[in-house]
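how would this look folded up:
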Amino acid sequence: MRLNSIAKEFYIPESIDEFVSLVKKFKENSIEYYLLSVGSNIIFGEFVSRPVIFLLEMDNTLNVTPDGLIECGGSVRIQKLIRFMQKKSFGGIEYLFSVPSSVGGAVFMNAGRGRKHNKSISDYIYKVQILDNDTIKTIDVDKSMFSYRNSIFQKNNLVVLKAYFLFPKQDPKLTRSIIRQRLEHSRQFLNSEKPSCGSIFSKGNPILYRLIRGYTFGGAMFSKKTPNWISNVNNAKSEDILKLIHFAKKLHKYCFQKYRIEVKIYL
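Numbers count the residues shown, from 1 in each chain. Below is the predicted model of the structure:
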């Protein structure tokens, strides 16, 4: 969202061990903290009082295991994973190429193409290495752990450290073609001209989303082009964005419609 936020404390662990040590230190001292990877679905306050731990330097492992799984560190960008898959003749998640996300964040949020397409990254996850409190675990996964833009990792406050995928074989030329189609689709239908964190809600009423397109507060605006998006159109502050979100929530309540907010708010 490019809100020019300032953190009181900012940490960049360069290994999983360093990250675990930092988490243990905070827990021992009862210090609450925020985790940050790419940050594409996070709205920061102007000043963030809690410590922020940046995860993109922690584990950039990317290789094919002897049993045919793709082992991928949580710090790897999703675009880098897709290009690696292309070189190794694998495919399946090219629709995520336009998403600004790390692999850890994509698994945590169960990033996907949308309800009507019923496709998500969890379709190919075989097992995941996580941090549960201060203990590292590797768990096998199944479909029951995921739902639309949701996962068991969110519900239990787990940190995704590494993921192992089982992708189908695919011609690299087909992968290249699908990536181009996705980027063209993004240019045509997604409002990328101004800073945005993408979809604000993962659940809500599409009619209400369309009704509030163009609604503005301060420097923030619900996109006229893409429903359920808020854009920073004129040096928006976090309070401008939060007031738009509050307005959308109230509208859903007044109309007796259910909603679930997707973005995270770090103040």
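
Surely Glu239 and Gly218 touch.
Yes - Glu239 is within contact range of Gly218, at 7.3 Å (criterion: C-beta atoms under 8 Å). From N, CA and C alone the C-beta is placed, and that goes for glycine too.

buried ones in the helix or strand of the chain with the lowest mean pLDDT?
In the chain, the helix or strand scored least confidently by mean pLDDT, DSSP states H and E is strand 112-114, which has a mean of 80. Applying a neighbour-count criterion of 16 or more other C-beta atoms under 10 Å, one finds 112-113 buried in strand 112-114.

That one pairs with which strands, parallel or anti?
strand 119-120 (antiparallel) (DSSP bridges).

what is the mean pLDDT for the strand it pairs with?
Averaging pLDDT along strand 119-120 gives 91.

Go ahead and name everything in contact with it.
Strand 119-120 has contacts (C-beta atoms under 8 Å, 6 or more residues apart in numbering) with 95, 110-113, 146, 148-149.

Give me the domain ranges for this protein.
Using automatic domain parsing, the domain parsing of the chain gives 6-54, 62-174, 191-266.

next one: the last one to chain centre, how far?
With C-alpha atoms, centre = their mean, to the nearest Å as the basis, domain 191-266 stands 17 Å off its chain's centre.

which residue ranges form the strands in the stretch 151-267 of the chain?
159-165, 196-199, 201-203, 216-217, 220-222, 229-232, 260-261, 264-266 (DSSP state E, counting those that start in this stretch).

Including distance to Lys8, could these go into JSON lines?
As requested, the strands of the stretch 151-267 of the chain are exported to JSON lines (distance: least, C-beta to C-beta, whole Å):
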{"stretch": "strand 159-165", "distance to Lys8": "21"}
{"stretch": "strand 196-199", "distance to Lys8": "22"}
{"stretch": "strand 201-203", "distance to Lys8": "30"}
{"stretch": "strand 216-217", "distance to Lys8": "27"}
{"stretch": "strand 220-222", "distance to Lys8": "24"}
{"stretch": "strand 229-232", "distance to Lys8": "23"}
{"stretch": "strand 260-261", "distance to Lys8": "25"}
{"stretch": "strand 264-266", "distance to Lys8": "12"}
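
Could you identify which of these is most buried?
Burial of the strands of the stretch 151-267 of the chain is given as mean neighbour count (mean count of other C-beta atoms under 10 Å); strand 220-222 ranks first at a mean of 26.

what about Pro66, how many residues close to it?
5 (other C-beta atoms under 10 Å).

any idea how far Ser147 lies from Asn4?
Counting by C-beta to C-beta, to the nearest Å, the separation of Ser147 from Asn4 is 35 Å.

wouldn't Pro51 be in contact with Leu35 here?
No - Pro51 is beyond contact range of Leu35, at 10.1 Å (criterion: C-beta under 8 Å).

related to what we said a few turns ago, hmm, which two among the contacts of strand 119-120 are most spread apart?
The largest separation in these, counting by C-beta to C-beta, is between Tyr95 and Phe146 at 16.4 Å.

low-confidence ranges in the stretch 151-267 of the chain?
Along the stretch 151-267 of the chain, no part satisfies pLDDT under 70.

try it again with 80
189, 191-192 (pLDDT under 80).

still on that earlier bit, for Ser186, which of the strands of the stretch 151-267 of the chain is the nearest?
strand 196-199 (10.8 Å).

Output the contacting helices and strands for that closest one.
strand 229-232 (3 or more C-beta pairs under 8 Å, 6 or more residues apart in numbering; DSSP states H and E).

What are the contacting residues of the strand it packs on?
By C-beta under 8 Å, 6+ apart, strand 229-232 touches 1-3, 190-191, 193-200, 219-223, 241, 244-245.

hmm, 6 Å instead?
Applying C-beta atoms under 6 Å, 6 or more residues apart in numbering, the contact partners of strand 229-232 are 1-2, 191, 194-196, 200, 220-223, 241, 244.

This completes my enquiry, with thanks.
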